[in-house]
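> based on what follows, work out the 3D shape:
(chains A, B, C and D)
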Number of protein chains: 2
Amino acid sequence: MQRTNFGEMACSIARTLDVIGEPWSPLILRDIWVGLTRFDQLQEDLGISRKVLTERLGYLVDRGVLTRRPYDRRPRYEYVLTPRGEELVDLLMVMVAWGDKWLAGEAGPPVLLRHHACGEISHVELHCSNCDKPMRANDVDRLPGPGAAS
Amino acid sequence: MQRTNFGEMACSIARTLDVIGEPWSPLILRDIWVGLTRFDQLQEDLGISRKVLTERLGYLVDRGVLTRRPYDRRPRYEYVLTPRGEELVDLLMVMVAWGDKWLAGEAGPPVLLRHHACGEISHVELHCSNCDKPMRANDVDRLPGPGAAS
DNA sequence: AGTCTGAGTTCCGTAAGGGAACCCCGGGCC
DNA sequence: GGCCCGGGGTTCCCTTACGGAACTCAGACT
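Numbering: from 1, shown residues only, chains lettered A, B, ... in the order given. As a prediction, this is how the structure comes out:
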């Protein structure tokens, strides 16, 4: 198939999807986040095709979300999150919260997050960067910004 | 291609991706969120193939994220977010924040969000549902939950 | 020299996306 | 009654991306 290029759109959602919107990319980030940082670990844990894994890792490195760094004198490499990549984990934590709430069913969440600051099991909530109050889908207006399409 | 099924994995991220991980799905939600709710509006705004749009809408309705409701005595339908779907917009707002920060460049953000509660332009930040302090990638431990893989 | 291991690369078959053309149905208009 | 219109899809073909398995390559170990 040919795939439409989201990166050119005047929309931060589309642009973000251009970076991590392809199938597998968020799961690759998840694994690296939890400490599976090597090619074969990723391949085995995800069950992804090696070909696609190679492509995705290269792309994510290219976009500045991961770096590829040697961990041995042999040609051995591991992938680590850049600051950009760490901020993308925000997205993963929101997915965890949504999936836990709506898709976990009787069994309950497969993974729990414990917050260092309070030591409790919890989940993320969205707040306004300005006033700290909750900020959800219906709490905002959308206005054209400086980078709006001409 | 055949595509691996994420829905079966014991991971809320994978399950969430099973719902909105396909290309276009988040952009469809975005459009519906901003008020483009009809088939032809979506098709034109996104430039998506009608075939794929049909599939995606059907799937999203199926997963309980959208509902299809008539808006005329003629067979005319619009798509609206369910409560589940509205909570998925959280994800979109985090994408906006990340894309604005890392991909907007010189031009600045294409769209600004104004928070009703404070009236200011702002963006979302992630806080802990328990203690209200910030909660980011490195502020959490991951523990096995009740629904962990057997 | 032979083997092992991590990290890819190559190749083929299949299915998913793109795009354009086509269809269907109810309403309005003459 | 016959005709057109417009929204909301379907159908068809073409191209490309994924899945999976086999192959390669370089350095270290024995």
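
> hey, where'd the strands end up in chain A?
In chain A, strands defined by DSSP state E lie at A:66-70, A:77-81, A:111-115, A:121-122, A:124-128, A:140-144, listed in chain order.

> buried residues in the last one?
Within strand A:140-144, the residues that count as buried by 16 or more other CB atoms under 10 Å in any protein chain shown are A:Val140. C-beta here means a position set from N, CA and C on the backbone, and glycine is covered the same way.

> could you say what helices and strands it packs with?
In terms of contact count using 3 or more CB pairs under 8 Å, 6 or more residues apart in numbering or on different chains; DSSP states H and E, strand A:140-144 is assigned the packing partners strand B:111-115.

> give the rounded mean pLDDT of the strand it packs on.
Along strand B:111-115, the predicted confidence averages to a pLDDT of 97.

> now the lengthiest helix in chain A: buried residues?
Selection of the longest helix in chain A by residue count, based on DSSP state H, yields helix A:83-103. For helix A:83-103, the neighbour count (16+ other CB under 10 Å) marks A:84-100, A:102-103 as buried.

> go on, stretch A:56-73?
Within stretch A:56-73, the residues that qualify as buried by neighbour count (16+ other CB under 10 Å) are A:56-57, A:59-60, A:63, A:65-66.

> just the ones of the residues you listed in helices?
Here DSSP H is the test, and those give A:56-57, A:59-60 as lying in helices.

> ok, back up a step: from the buried residues of helix A:83-103, which are also near chain B?
Counting by CB under 8 Å from any CB of the partner chain, A:84, A:86-100, A:102-103 from the buried residues of helix A:83-103 sit close to chain B.

> nearest spatial neighbour of A:Arg38, chain-adjacent residues omitted?
Spatial nearest neighbour of A:Arg38, chain neighbours left out: A:Glu78 (5.2 Å); criterion: CB to CB, 6 or more residues apart in numbering or on different chains.

> burial check on the one you found, number of neighbours?
Around A:Glu78 sit 18 other residues, with neighbours defined as other CB atoms under 10 Å in any protein chain shown.

> which strands and helices sit next to the longest helix of chain A?
On a contact count with 3+ CB pairs under 8 Å, 6+ apart, helix A:83-103 meets helix A:12-20, helix A:25-34, strand A:111-115, strand A:124-128, helix B:12-20, helix B:83-103, strand B:124-128.

> which residues touch the last one?
Applying CB atoms under 8 Å, 6 or more residues apart in numbering or on different chains, the external contacts of strand B:124-128 come out as A:90, A:93-94, A:115, A:117-118, A:120, A:122, A:124-129, A:132, A:135, B:90, B:93-94, B:96-97, B:133-136, B:139.

> now do 7 Å
By CB atoms under 7 Å, 6 or more residues apart in numbering or on different chains, the surrounding residues in contact with strand B:124-128 are A:90, A:93, A:115, A:117-118, A:122, A:124-127, A:129, A:135, B:93-94, B:97, B:133-136.

> quick one: stretch A:68-77 near DNA strand C?
Yes. Under the criterion of CB under 7 Å from any atom of the strand, DNA strand C is reached by stretch A:68-77 at A:68, A:71, A:75-77.

> how close does A:Thr16 sit to chain B?
The gap separating A:Thr16 from chain B is 4 Å, by CB to the nearest CB, to the nearest Å.

> pLDDT wise, what is that residue at?
Among the per-residue scores, A:Thr16 holds a pLDDT of 97.

> now do A:Ala149
Model confidence at A:Ala149, expressed as pLDDT, equals 77.

> state the number of residues packed around the residue lying closest to it once chain neighbours are set aside.
Distances taken as CB to CB, 6+ apart place A:Ala10 nearest to A:Ala149, at 3.9 Å, with adjacent residues excluded. A:Ala10 is surrounded by 17 other residues when neighbours are defined as other CB under 10 Å.

> can you check A:Cys128 too?
Other residues within reach of A:Cys128 by the criterion other CB under 10 Å amount to 22.

> so what pairs up with it in the strands?
According to DSSP bridges, the partner residues bridging A:Cys128 are B:Val124.

> distance check, it against DNA strand D.
Here A:Cys128 is placed at a distance of 34 Å from DNA strand D (CB to the nearest atom of the strand, to the nearest Å).

> please list the residues of chain A that sit near DNA strand C.
With the criterion set to CB under 7 Å from any atom of the strand, chain A comes near DNA strand C through A:1-4, A:38-41, A:50-51, A:54, A:57, A:68, A:71, A:75-78.

> just the buried ones from these?
The buried subset of the residues of chain A next to DNA strand C - by 16+ other CB under 10 Å - is A:39, A:57, A:78.

> of all the residues you listed, which comes closest to DNA strand D?
Proximity of those to DNA strand D (CB to the nearest atom of the strand) peaks at A:Phe39, which lies at 11.4 Å.
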